[in-house]
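Visitor: Mind looking at a prediction? Sequence and model below.
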Amino acid sequence: MKAEVNEATIQEKNLILGKDPARASAAEARYKEAKEAAIGGLTKLLELSDIPELVATNQRLKQITEELFAAMDKSVALGLKQQDEAAIKVSMSEVAPVRQKAKEALDVRVKANADALMKARTDAAEIAESTSTTLIGASAIGLLAAAGLLAAVVIFGVTRPLGAMSGAMARLADGDLAVSISGVERKDEVGVLARSLQVFKDNAIAARRLAAEQEADNQAKMCRAEVLDELTRRFEAKVEAGKGFAVVATEVKELASQTAKATEEISAQITSVQQATQETVHAIQEIARTITEMSQISTSIAAAMEEQGAATAEIARNVQEAARVTETATESIMDLQKGAGETGAAANQVLGAAQELSRHSNDLNLEVSSFLSGVKAA
């Protein structure tokens, strides 16, 4: 029964930690099998109890075991719904205390079994002693003439075999399963008693072997549960460390915003350059038009001299305007170069932040792969 309770506990942990639906379904089935086996075994044990102390102990054990499974049913149901935090909370606050009570009750049950075995050994010794005394007394009264022969028969045929069996029973009760049972080949009542004792020894050997196998199996399962717990804690620690991604993502967002802003400024400066260029072209066109007009009026020197002075002044003004516009265009181009440099720096910062984010993402992928590999290997 202890093995079934341990099996149910392990499957409860698997349901809480597992994420694969197929494995969760298998764990649920094994949990139900272990639960039914444990409850069924307790019910049968209670039916076979005939001593008031054992009846009370078994009733108490069954009650606690039912409380334990009621609590585990809650955590299992939450685990099947993927409500892991709630399932863990129930497992720690409700299941764990009842599991401790069940362990204590099982210890009490083991002690009761030991007491019962000791009582059986004492009763057998008393029966053997009483039988020996009765046979010796009857032989002495009924066969006075053959007292010597009868004494020999009693001593070598009954008393010593019974004494040997009594010693064997005592050693069996103390856990010595290597004791040899003599007299099993006899055809009388002593032979019947010897064969019964041999059956008891064989059953005790089988029970010890099964208990050792169950203990080894339980140890392997508990080790696997501990490995899963350790992997889960390591994975959660890595995921908590991954919260730095939010900071990196925020920096990337801010750098992208700065880049967009710088791009808008560059676009505005390009527009200013284009406008200044258009003004320069317009001024050059004005100069050309003025020169054309000077060519048209060159036939009249007198009138042309006056107009030439005005045209010359206009040319000078247009040249100055062209120089001013050209200077403005030059400044805009310098501003454009400066904005382009700032954009390049911002782009480098964005690239660096993106590379840092990629590195953290790769680290997280490696941790997830390591965690899943550990879970499969466990």
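Guide: Looks like it arrived, so ask away. Since the structure is predicted, the reported quantities are computational estimates derived from the model, not experimental observations.

Visitor: Only C-alpha atoms from now on, for both contacts and neighbour counts.
Guide: Will do.

Visitor: Return the set of buried residues in stretch 180-199.
Guide: In terms of neighbour count (16 or more other Cα atoms under 10 Å), stretch 180-199 has its buried residues at 181, 182, 183, 184, 190, 191, 193, 194, 195, 197, 198.

Visitor: Quick one: residues in contact with stretch 168-178.
Guide: Applying Cα atoms under 8 Å, 6 or more residues apart in numbering, the contact partners of stretch 168-178 are 117, 118, 121, 179, 180, 181, 197, 201, 204, 205.

Visitor: pLDDT (mean, whole number) over that stretch?
Guide: For stretch 168-178, mean pLDDT is 84.

Visitor: i'd like the first residue to be 183 from this point on
Guide: Will do, 183 is the new start, and the previous item becomes stretch 350-360.

Visitor: hmm, back to that, rebuild the buried residues of stretch 362-381 as a markdown table, extending it with pLDDT, distance to residue 251 and secondary structure.
Guide: Shown next, in a markdown table, are these (pLDDT from 0 to 100; distance: Cα to Cα, whole Å; DSSP: H, G, I helix; E, B strand; the rest coil):
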| residue | pLDDT | distance to residue 251 | secondary structure |
| --- | --- | --- | --- |
| 363 | 90 | 43 | coil |
| 364 | 82 | 47 | coil |
| 365 | 83 | 48 | coil |
| 366 | 87 | 46 | coil |
| 372 | 84 | 48 | helix |
| 373 | 86 | 47 | helix |
| 375 | 82 | 43 | helix |
| 376 | 86 | 43 | helix |
| 377 | 90 | 42 | helix |
| 379 | 83 | 38 | helix |
| 380 | 90 | 39 | helix |
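
Visitor: From residue 262, how far out is residue 378?
Guide: Using Cα to Cα, to the nearest Å, residue 378 is found at 50 Å from residue 262.

Visitor: related to what we said a few turns ago, may I see the PyMOL selection of the buried members of the contacts of stretch 350-360?
Guide: With 16+ other Cα under 10 Å as the burial test, the buried ones among the contacts of stretch 350-360 are selected in PyMOL as follows:
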select buried, resi 299+303+363+379+383+386+387
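
Visitor: tell me which of the contacts of stretch 350-360 is nearest to residue 346?
Guide: Nearest to residue 346 among the contacts of stretch 350-360 is residue 363, at 8.2 Å by Cα to Cα.

Visitor: Double-check the closest one against residue 381; I have them as touching.
Guide: No - Residue 363 is beyond contact range of residue 381, at 10.1 Å (criterion: Cα atoms under 8 Å).

Visitor: domains for this protein, by residue range?
Guide: 184-423, 426-559 (automatic domain parsing).

Visitor: If I average pLDDT within each of those, which one is lowest?
Guide: Of all these, domain 426-559 has the smallest average pLDDT, which comes to a mean of 63.

Visitor: Can you tell me the element residue 255 falls in?
Guide: If you go by DSSP states H and E, residue 255 is part of helix 234-262.

Visitor: What about residue 192, how many residues nearby?
Guide: By other Cα atoms under 10 Å, 19 other residues sit near residue 192.

Visitor: any idea how far it is from residue 402?
Guide: For residue 192 relative to residue 402 (Cα to Cα), the value is 11 Å.

Visitor: where does the spatially closest residue to residue 258 that is not a sequence neighbour land in three-state SS?
Guide: Counting by Cα to Cα, 6 or more residues apart in numbering, residue 258 lies nearest to residue 194, which is 5.8 Å off, once chain neighbours are set aside. Secondary structure, DSSP: H, G, I helix; E, B strand; the rest coil: residue 194 is helix.

Visitor: Let me see the contact set for residue 194.
Guide: Residue 194 touches 209, 210, 213, 254, 257, 258, counting by Cα under 8 Å, 6+ apart.

Visitor: Can you tell me which of those are classed as buried?
Guide: 209, 210, 213, 254, 257, 258.

Visitor: number of nearby residues for residue 263?
Guide: Other residues close to residue 263 by other Cα under 10 Å number 12.

Visitor: Got the phi and psi for it?
Guide: Torsion angles at residue 263 (phi, psi; degrees, to the nearest 10) stand at phi -90, psi 10.

Visitor: Next up, identify which helix or strand the closest residue to residue 239 other than its chain neighbours is on.
Guide: Nearest residue to residue 239, sequence neighbours excluded (Cα to Cα, 6+ apart): residue 291, at 6.4 Å. According to DSSP H and E, residue 291 maps onto helix 278-324.

Visitor: Equivalent analysis for residue 264, please.
Guide: Judged by DSSP H and E, residue 264 forms part of no helix or strand.

Visitor: What of residue 348?
Guide: Assessed by DSSP H and E, residue 348 sits inside helix 342-355.

Visitor: separation between residue 496 and residue 356?
Guide: Distance from residue 496 to residue 356, counting by Cα to Cα: 131 Å.
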